[in-house]
Every structure is written in structure tokens, then in C-alpha cells.
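> sequence-free structure coming up:
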């Protein structure tokens, strides 16, 4: 009997010991939030154009705004074309308009983003070396051509590494935008 009790005590002591590896926070993490109704999209909704006024970059001198706008348009075009949509000019009567905005946390806080867009993913900077990375926010909005208000919008946040070369940065951006547009149906 005593031998059985000793075995049980020894067994419970062994199972109570655990080892775990500390999880290192990653600057590659992202958060996203989306709102709106994509019900206006159908198999007849095939053509999109850039929104005439919503193509904005709010960032300091480390960011070349014109280049970022071009990169963003390239990423959006690639993601939407992969779903079957086609870019046309606004004069060609598109079925939807696509607008976007980008900012860095040093230029616009989460509370300012919430105030302007009504959305905020709230990406935590805990454990991230903010001397090397900066939190960036990307807004994508879809409009019906005659509507001044977006019918759908998504806001994503992630960390940008200014030391990353251009090709790798564009690849990461393409992947990020593709994930942001996951809810948009393919045609």
C-alpha cells in the first residue's frame, strides 16, 4: 500500500513538471478589421477604377509618397485581377471605385485613425523593437461609382522595416493586400 502511494506521488510530481519555450514577439504580425456590405458585387461587377480623391499617404520624409501610391495600386490591381476584376479608366463606367490610404504611427495615432475611418485594428507594439520597425496602417475602401461613402472598407496594420529592399517590400505588400481583400468574392 505504501509502495503504491509513493508511486502515485512520484508520478504526480513528474507530470507537474513542464518545459516551455518563451515565445518571441514577431514584427511580422498583423491585424485587420473590415466592415460594410459586399452584396453589391455580383458576376456583372467586373470593372474597377481608382477613386478620384482617395489615394493618400500620410507619412514623413522617409516615405516617397508617389512611389508608395504606385506600389499600392500595383498590389491592389494584382489582387483584384487574381479575383477576375479588370482595371478600367473612370471614363469607361467602372462597376466600383477603389480608394486607399496609408500612414505610419509616428504620423497618425490609432485614435486619429479611428476618428477618420471608424476602424482601428489595434496592433500592439509590445515586444517589437520600435527603433527598427514602425507600425503602419493601410485602408482599402470600395465605393459604388455614384456614392460618396464607401460601401466596404478594411483597415490593416503591420510593421514596416525601412531597411528591407524594394523587391522584398513589394512582395510583402502584395501578400498583405491580398489578405486584406480575402472577403471580396472572385468572379
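Structure received. A quick note: this is a predicted structure, and the numbers were derived from the prediction, not measured.

> quick check: residue 76 is in a strand.
No - using DSSP: H, G, I helix; E, B strand; the rest coil, the secondary structure at residue 76 is helix, not a strand.

> burial check on residue 69, number of neighbours?
17 (other Cβ atoms under 10 Å). Every residue, glycine included, has its C-beta placed from N, CA and C.

> quick one: buried residues of the helix or strand where it lies?
Per DSSP states H and E, residue 69 falls inside helix 65-82. The neighbour-count check on helix 65-82 (16 or more other Cβ atoms under 10 Å) flags 68, 69, 71, 72, 75, 76, 77, 79, 80 as buried.

> what's in contact with it?
With contacts defined as Cβ atoms under 8 Å, 6 or more residues apart in numbering, helix 65-82 is touched by 48, 50, 55, 57, 59, 87, 98, 100, 102, 138, 140, 169-170, 173-174, 176-178, 181, 184, 186.

> distance of residue 37 relative to residue 149?
From residue 37 over to residue 149 the distance is 12 Å, taken as Cβ to Cβ, to the nearest Å.

> just the ones in helices from the contacts of helix 65-82, please.
Those of the contacts of helix 65-82 mapping onto helices are 169, 170, 173, 174, 176, 177, 178, per DSSP state H.

> can I get these in a markdown table with distance to residue 118?
Below are these laid out as a markdown table (distance: Cβ to Cβ, whole Å):
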| residue | distance to residue 118 |
| --- | --- |
| 169 | 28 |
| 170 | 29 |
| 173 | 24 |
| 174 | 26 |
| 176 | 21 |
| 177 | 20 |
| 178 | 24 |
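
> looking at these, which is nearest residue 162?
Distance to residue 162 across the ones in helices among the contacts of helix 65-82 (Cβ to Cβ) is lowest for residue 169, with 9.0 Å.

> what about the closest one, neighbour count?
16.

> over to residue 185?
Residue 185 has 12 nearby residues by other Cβ under 10 Å.

> who are the contact partners of it?
By Cβ under 8 Å, 6+ apart, the residues touching residue 185 are 38, 41, 83.

> please name the nearest non-neighbouring residue to the last one.
Among residues not flanking residue 83 along the chain, residue 186 sits closest, at 4.2 Å (Cβ to Cβ, 6 or more residues apart in numbering).

> now name the helix or strand holding the residue most central in space within the chain.
Computing the C-alpha centroid of the chain and ranking residues by Cα atoms, centre = their mean puts residue 156 first, at 2.9 Å. Secondary structure assignment for residue 156, by DSSP H and E: strand 152-161.
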